[in-house]
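1. build me a model from this:
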Amino acid sequence: LDRSLTPLGELHLIDAGYPEVRTVAAAADGNLWVYDETSFKLSKLSAAGTPLYESQDLNLILNHRLQISSLYDDGVRVLAADPLHGLYCFDPYAQYLRTAPMEGVAEIRTQGDTVACLGDGVFFTVQLPLLEIRQRALPEGASMQRWLGAGQLLVQQKDSLWVLNL
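-> Below is the predicted model:
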């Protein structure tokens, strides 16, 4: 889709050979990132579905099955969040670099070398490239809404709005 939500094209991932994709993200260059749970590979695809770059079999390197919930390409690196194991860093060619071990990571954004990770009741910041992890508990509340944007986390709880800067 373009900025006005007009369809630009369509890609059927199963027809392109990616039968178990649950996570898709836009690449910084206009292509797509997908994590295929059958092949255990992170792949960068063109809009036509042609593979441009592909990772190694990640289950062999990491000795566990990934359950990627979010992918993010900031133009310098590709980040993948797994709620059970943490934040995985890849280079722009889909090659695995390292892991920041954290539990509960669901959503990720970056600002420079700082990665903001939003999880269930917790907010992490990870300083790259050293992977220094800081953790903050979020305010409790069943009706809490959270938005992770560039440089800030907004938390709405009833009539209050909390702004946390990265």
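2. and H12, which of the three is it?
-> Classification of H12 using DSSP: H, G, I helix; E, B strand; the rest coil returns coil.
3. correction: the previous question concerned L42.
-> strand.
4. residue contacts, S46?
-> N31, L32, L52 (C-beta atoms under 8 Å, 6 or more residues apart in numbering). (Glycine included, C-beta is placed from N, CA and C.)
5. could you report the distance from the most centrally placed residue in the chain to V24?
-> Nearest to the mean C-alpha position of the chain, by C-alpha atoms, centre = their mean, lies L71 at 2.5 Å. Plainly put, L71 is 7 Å away from V24 if you go by C-beta to C-beta, to the nearest Å.
6. same check on R134?
-> With C-beta to C-beta as the criterion, R134 and V24 are 29 Å apart.
7. repeat for G86
-> Taking C-beta to C-beta, one finds G86 at 21 Å from V24.
8. now the common contact residues for L71 and V24.
-> W33.
9. what about Q127, how many neighbours?
-> 15 (other C-beta atoms under 10 Å).
10. check contacts around it.
-> Taking C-beta under 8 Å, 6+ apart as the test, what Q127 contacts is D113, T114, V115, R134.
11. and for L13?
-> With C-beta under 8 Å, 6+ apart, L13 has these contacts: P19, V21, V24, V34, G49.
12. highest neighbour count among these?
-> V34 leads the contacts of L13 on contacts (other C-beta under 10 Å) with 23 neighbours.
13. quick one: contacts for the closest residue in space to it that isn't next to it in sequence?
-> When the adjacent residues along the chain are set aside, V34 lies closest to V21, with 4.7 Å between them (C-beta to C-beta, 6 or more residues apart in numbering). Neighbour list for V21: L13, V34, Y35, D36, E37 [criterion: C-beta under 8 Å, 6+ apart].
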